[in-house]
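Asker: Any chance you could fold what I've pasted below:
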Amino acid sequence: MNAPDRFSSRVFALAAVALLAYLLYRVFEPFFGPILWATLIAFLLFPLNLRVRRAVRGKIGLSATLLTVIVGLGFVLPAVGIAAAFGSQAVELVQRLGGVVKEYEIHSPQDLTRLPVFGRVVDWVEQHSPVSAAQIQSSFLHGVQTVVQFLLAHTSSVLVGAFGVIGNITLMLFILFFYFRDGDRMAARAVRLIPMETGRKERLRQHLQEVTRAVVFGTLVTALVQGTLIGVAFWITGLPSPIVFGVVALVASFVPFVGTALVVAPAVIYLFAQGVAWKWIFMLVWGVVVAGSADNFLRPALVSGRAEVGTLTAFFGVVGGLAAFGMIGLFLGPVLLALVLALLEFAEEEGGEPAPPRPAQTSAAT
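Answerer: Model prediction:
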C-alpha cells in the first residue's frame, strides 16, 4: 500500500472513530447522571463488595443483590427525604420573602430601610463606620441581584431534575447491581486498554483511588458535618429554613478562607438586629468554634493515609464540577482535576524532568 492509500485509510479510520464516539455520546448522554453515581458508589464500596462475596461463599449475584438493597435503603431513601424537605423549605422561604416584600411595599433599593431588621442594621453601621446607607443598600442590592440571576438561570434544570429523580434513582440502582456483579472485570478490561506501562497504570489506579476517597471521606464528609451543624444552629435560634441554609453552608464550606462564614455572618447580623443577645452570641460561637473548627479536626482524621486534595483543586473542582455535572460534580470535579495533575506528572517523568515535590497541604480556613 502506497503513502496516499495509507493516509486515506488513517483519515477514514479517525473519522469513523470520531463518528462512533459522537453517536455513543448521544446514546448515553441522558444516562450520564445515574451512570456516574453508580460508578462512584460501586468504586467506593468495592472493598465491602469483596467482603460480602466472601461471606456468601463467592455467590457474586447474591452479593450484588444484597449490596444494591443496602444502598437503596441506607443511602438513597434518606437522601430523597432530605431533598424533599429541602424543596419544601425552599418554597416556604420564597413565599415568606414574597410576603415580606408585599407587606413593606419594597419596590426599590431605597425601600429596604422599611424592613425593621435591615433599618436597624443600617443605622448601627452608619453610627459606627464611615459607610453610608446608600452604599449599604447598593451593595446589598448587587448581592441580591447576583443570587436571583443564578436562581433564574438554574431553576429550569432543577425542576426538570426534580421530576426525573425517581427514574434516575431506579436506573442508578439497576446499573449499580451490574457494577457490583461485574465491575471488577469491566475495570480490568478498561485498564488493559490504557497505553501505559504496567507500573504506571498501577500508580495511576492507586492515586485515583486515594484521591476519590480523600474527596469523599475528607472534603465532602467535612462539608456535610459543617452544613449539618449550621442547620442545627438555625433550628435552635428559630431562623427559617434550617435545611436550606444548611445545604447552602455545605456548598459555602468549599470557598477558601471564607467558608461557612458566608452563611454564619448574615445570620449573626440578623439575630443581632433582632435584639435577642443569646441568639446572636450562640450563632457566633457555634459557627466559629464548633462548625468552623470541624475542618481542622475532621479533615486530617479522615484524609490521614490518603492522597490529600489541595484547597485550590478542591475549590475549582467542586464549584466547576457542580456547574458542569450537577450534584455528582461535587465528587467528579476534584477527581478529574487530580487525574489531570497526575497525568501531567507522568508526562514530566517521561520527558526526563523530575516532578516537583508536593508541598504540605493546609486546610482551607473556614
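
Asker: Tell me who's in contact with the residue nearest the centre of the chain.
Answerer: Residue closest to the average C-alpha location in the chain (Cα atoms, centre = their mean): Leu330, at 2.6 Å. Leu330 makes contacts with 220, 318, 321-322, as judged by Cβ atoms under 8 Å, 6 or more residues apart in numbering. For glycine as for every other residue, the C-beta is placed from the backbone atoms N, C-alpha and C.

Asker: ok now the helix or strand encompassing it, how far from the chain's centre?
Answerer: Assigned by DSSP states H and E, Leu330 falls within helix 329-350. Counting by Cα atoms, centre = their mean, to the nearest Å, helix 329-350 is centred 18 Å from the centre of its parent chain.

Asker: In it, which residues are buried?
Answerer: Buried residues in helix 329-350, counted by 16 or more other Cβ atoms under 10 Å: 329-338, 341-342, 345-346.

Asker: do the same with stretch 55-66
Answerer: For stretch 55-66, the neighbour count (16+ other Cβ under 10 Å) marks 63-64, 66 as buried.

Asker: With distance to Leu44 as added columns, please give these in a markdown table.
Answerer: Output for these, formatted as a markdown table (distance: Cβ to Cβ, whole Å):
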| residue | distance to Leu44 |
| --- | --- |
| Ser63 | 16 |
| Ala64 | 15 |
| Leu66 | 16 |
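
Asker: Nearest to Gly183 among these?
Answerer: Taking Cβ to Cβ as the measure, Gly183 lies nearest Ala64 of the buried residues of stretch 55-66, at 9.0 Å.

Asker: The closest one: what's it in contact with?
Answerer: Here Ala64 is in contact with 49, 177-178, 180-181 (Cβ under 8 Å, 6+ apart).

Asker: What of Val288?
Answerer: Contacts for Val288 were tallied using Cβ under 8 Å, 6+ apart; they are Val264.

Asker: re earlier: so which of the contacts of Leu330 is surrounded by the most neighbours?
Answerer: Using other Cβ atoms under 10 Å as the neighbour criterion, Val318 leads the contacts of Leu330 with 26 neighbours.

Asker: Show the contacting residues for Thr68.
Answerer: Applying Cβ under 8 Å, 6+ apart, the residues near Thr68 are 173, 176-177, 180.
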